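J.: everything below, folded, please.
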Amino acid sequence: MSNQETYLGDVQDVSGTTVSISLSTESLTGFVYIDGQGYRIGQIGSFIRIPIGFINLFGIISQVGASAVPQSQIDNQALGNRWMTIQLIGEGPKNGVFQRGLSQYPTIGDEVHLVSEKELKNIYGQPDRPYFVKIGHISNADSIPALVDVNKLVTRHSVIVGTTGSGKSTTVASIMNALSDVERYPSSRIIMLDLHGEYGQALQDRAYIYKIDGDSKSKLKEKKLYIPFWALNFDEICEISFGEFKDEKVKNIVMERVLKYKLDSLKISPRKGASADTLSVDSPIPFNIHQLWYELYVETFGTYRKVAGSKPKDNLAYETDANGEDLVGDPSKGIAPVFKHVEMGAGEEKINYLPGSLPIGKQLLLLGTKLRIPRYDFIFNPDKWLPDKNGIVIKDLDLLLKNWIGSDRPVTILDLSGVPADILQTTIGALLRLLYEALFWARNLSQGGRHRPLLIVMEEAHIYLNDNSKGMASKIVQRIVKEGRKYGIGAMIVSQRPSEINPTILSQCGTFFALRLSNAADRGHITSAISDNLDGLTGMLPILRTGEAIILGEAVKLPMRTTIEAPPKNRRPDSQDPIIYDEVRKEDSQYPGGWGIDMEPDPNYGELVETWRSQNPKIDKVK
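T.: You can find the predicted model right below:
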């Protein structure tokens, strides 16, 4: 192949990594044949090379036509449509390995050439290296696999964005299937935060699924998800248990009480790594929050009979039931005691409030409600992680973490679809902090992230990583994307609204999988966050086909427009669009339904109400 066949034009203007070229008259046809294959000249997103001595500079076409004329040349150009704007992205020795970055720049008059598919294979190549995974093929070159560098994908963090229906969930499933290949990566470790329960079916043979109301008898063999309250730090406990404290003084009183409970627990049941000198209110030491709530409730609402020579707490004034028994309540069930009303009248039995009562009645009523509602049991009644009244537990955090990130399957799916909405953001923040701190402190151990890195996949990230919330998830993820690389903790952010994600988080991510994005604000966030100056390439985002993505950043050698290879039908996430009218016969359809089939003779809306009440789409009748 001669250089004349690929010749496009000459460099006329250089401004940083932006190069303007004027097309030669030989390329007027806009179509050339190279090695028997036809190429259209001037396609946005196409690659070019600029030979300089023994190396080639590589770039991507971002503008074509009159808009590509340099500002300094506008007045001198009679035919302004014969220009192109190129964004330089890297270089490589001739017939050598491509590298990102530039050691030199082109000068005026340097020739610019089209990059053929044969040359692209050399650039994108190395399919046999085990740290490259194939997730599809280059959109305009079916023979070139789309390869992603696992080393850079995990440790330098990544983002997958796309409008609803663009193929985002399928892309995530494809990447997860590739990374969880036990033959290729026998020690891969991935944890997924699944807010809608989409991925259990797609990864059921490679993942353990943990769900608040998990059913071990279901097809997916779900396990129950527990997040012990005592593993949370004090701020997280306050958010989930007590709500907001308006008075810092009152908050400090509760903090001191929690610390006392943890200290008492440590004295009864010593634990390696913790001592009275190093203990803090944030230390993950078991304590009984039911007893703490009951004690604070008595001090806040309690009344007592005045008896000379005895302490007020020894003479609490309880109401009685029909059998004359005191209504003392039950801390373990969150049942509050019922106290007599204050009586100060003449001739009446004198009943007063306990002295020094605490102004936290609203917070205690809220916590008591949560202790009684089964929906919150995954935090406040965590099975064998529930401390007794002395703070002793049957199972400790080591088993919890082993279940999540140390099992014999590469993927763990934490299905958060049943988490109450009022504590969802705090729960996610607590989960991420637990994982981060565990791997941070274990960084020099075989279980730590340096020896066995962890990838955390965060679905629907715009819900809990935005700037509008006070949630703790955004803060801990900022810490993960800034520091996690050093400790083997990688983040994969998945969202349909990147404009709602904290900009700091996006800017720290090294690889972007951008599927179709029609919203201008979302595209602007992606364009501003990527390291490459590729406005022209991101301008293609609104017209990408379903399942097609532009992949940019550190995990790929060159930015590439990729057709993602969808997993087999039985390994796809449960996120497909409902079909209004199916062209496939009901017997042959994977998801039969729509307006084109006959109605049931007697639809069972009792099932509908049952799923609604149970907050679970899978009930006994429809499993």
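J.: buried residues in stretch 47-63, which are they?
T.: Neighbour counts over stretch 47-63 (16 or more other C-beta atoms under 10 Å) mark 47-50, 52, 55-63 as buried. (Glycine included, C-beta is placed from N, CA and C.)
J.: max pairwise distance over the residues you listed: which two?
T.: Of all pairs drawn from those, the one with the longest distance (C-beta to C-beta) is I55 and Q63, at 24.8 Å.
J.: which residues of the stretch 301-450 of the chain fall in strands?
T.: Using DSSP state E, counting those that start in this stretch, the strands of the stretch 301-450 of the chain run over 303-305, 351-353, 411-415.
J.: could you pull out the helices for the stretch 501-623 of the chain?
T.: Assignment of helices within the stretch 501-623 of the chain using DSSP state H, counting those that start in this stretch yields the ranges 503-507, 520-529, 535-538, 605-614.
J.: residues making contact with the first one?
T.: Yep, that's helix 503-507 we're talking about. Defining contact as C-beta atoms under 8 Å, 6 or more residues apart in numbering, one finds that helix 503-507 is touched by V159, L465, S474, V477, Q478, V481, I493, P498, H525, I526, S528, A529.
J.: okay, now the closest residue to I543 other than its chain neighbours: neighbour count?
T.: Once flanking residues are discounted, I543 sits nearest to R516: 7.6 Å by C-beta to C-beta, 6 or more residues apart in numbering. Burial measure for R516: 23 neighbouring residues, criterion other C-beta atoms under 10 Å.
J.: ok, R516 - contacts?
T.: With C-beta under 8 Å, 6+ apart as the criterion, the residues that contact R516 are G162, T163, S166, G167, L541, P542, I543, L544, R545, T546, E548.
J.: show me the residues you listed that map onto strands.
T.: Judged by DSSP state E, strands contain the following of the contacts of R516: E548.
J.: would you list the contacts of R516 in JSON lines and tack on pLDDT?
T.: Formatted as JSON lines, the entries for the contacts of R516 read as follows, by pLDDT from 0 to 100:
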{"residue": "G162", "pLDDT": "91"}
{"residue": "T163", "pLDDT": "89"}
{"residue": "S166", "pLDDT": "87"}
{"residue": "G167", "pLDDT": "87"}
{"residue": "L541", "pLDDT": "76"}
{"residue": "P542", "pLDDT": "78"}
{"residue": "I543", "pLDDT": "79"}
{"residue": "L544", "pLDDT": "82"}
{"residue": "R545", "pLDDT": "84"}
{"residue": "T546", "pLDDT": "85"}
{"residue": "E548", "pLDDT": "89"}
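J.: and the contacts of R516, which is closest to L147?
T.: Among the contacts of R516, and counting by C-beta to C-beta, the member closest to L147 is E548, at 16.5 Å.
J.: which residues does the closest one form a beta bridge with?
T.: When bridges are taken as DSSP bridges, the partners of E548 come out as T563.
J.: roughly how far does the residue lying closest to D213 once chain neighbours are set aside sit from G214?
T.: Spatial nearest neighbour of D213, chain neighbours left out: G418 (5.4 Å); criterion: C-beta to C-beta, 6+ apart. Counting by C-beta to C-beta, to the nearest Å, the separation of G418 from G214 is 9 Å.
J.: what does F242 give?
T.: Computed as C-beta to C-beta, the F242 to G214 distance reads 28 Å.
J.: sorry, back to before: quick check: which of the helices of the stretch 501-623 of the chain is buried the most?
T.: Looking across those with neighbours counted as mean count of other C-beta atoms under 10 Å, the highest average goes to helix 535-538: a mean of 20.
J.: avg pLDDT for that one?
T.: Taken as a whole, helix 535-538 has a mean pLDDT of 65.
J.: now stretch 204-212
T.: Model confidence over stretch 204-212, given as mean pLDDT, is 91.
J.: for stretch 407-418, same thing?
T.: Over the span of stretch 407-418, the pLDDT mean works out to 92.
J.: now that stretch - C-alpha only, CSV.
T.: Presented in CSV, the C-alpha positions along stretch 407-418 are these (Å, rounded to 0.1, in the frame of the first residue of the first chain):
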residue,chain,number,x,y,z
SER,A,407,-16.9,-16.3,48.5
ASP,A,408,-16.2,-19.0,45.9
ARG,A,409,-18.1,-17.0,43.2
PRO,A,410,-16.5,-13.9,41.6
VAL,A,411,-19.6,-11.7,41.8
THR,A,412,-21.8,-10.7,44.8
ILE,A,413,-25.0,-8.8,44.0
LEU,A,414,-26.5,-6.7,46.8
ASP,A,415,-30.1,-6.4,45.7
LEU,A,416,-31.2,-3.1,47.4
SER,A,417,-34.7,-3.1,45.8
GLY,A,418,-36.4,-3.6,49.2
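J.: hmm, who's touching it?
T.: Counting contacts by C-beta under 8 Å, 6+ apart, the residues outside stretch 407-418 that touch it are 176, 179-180, 182, 185, 187-197, 199-200, 203, 206-214, 222, 225, 375, 403-405, 424, 427-428, 431, 615-616.
J.: hang on, the earlier thing: the residue nearest to D213: neighbour count?
T.: Using other C-beta under 10 Å: G418 sits among 16 other residues.
J.: repeat for V457
T.: V457 is flanked by 24 other residues according to other C-beta under 10 Å.
J.: I'd like to know which elements the one helix or strand it maps to is packed against.
T.: For V457, the host element (DSSP states H and E) is strand 454-458. Strand 454-458 sits against helix 168-179, strand 190-194, helix 424-441, strand 489-495, with contacts defined as 3 or more C-beta pairs under 8 Å, 6 or more residues apart in numbering; DSSP states H and E.
J.: for the residue lying closest to L366 once chain neighbours are set aside, what are its contacts?
T.: Ranked by C-beta to C-beta, 6+ apart and with sequence neighbours excluded, the top spatial neighbour of L366 is G243, at 5.2 Å. Shown here is G243, whose contacts under the criterion C-beta under 8 Å, 6+ apart are K362, Q363, L366.
J.: if we can go back for a sec, name the nearest of the buried residues of stretch 47-63 relative to N151.
T.: Ranked by distance to N151 (C-beta to C-beta), these are led by F58 at 21.7 Å.
J.: pull the distance from whichever strand or helix holds the closest one to the chain's centre.
T.: Of the helices and strands defined by DSSP H and E, F58 is found in strand 55-64. With C-alpha atoms, centre = their mean, to the nearest Å as the basis, strand 55-64 stands 34 Å off its chain's centre.
J.: thanks a lot, catch you later.
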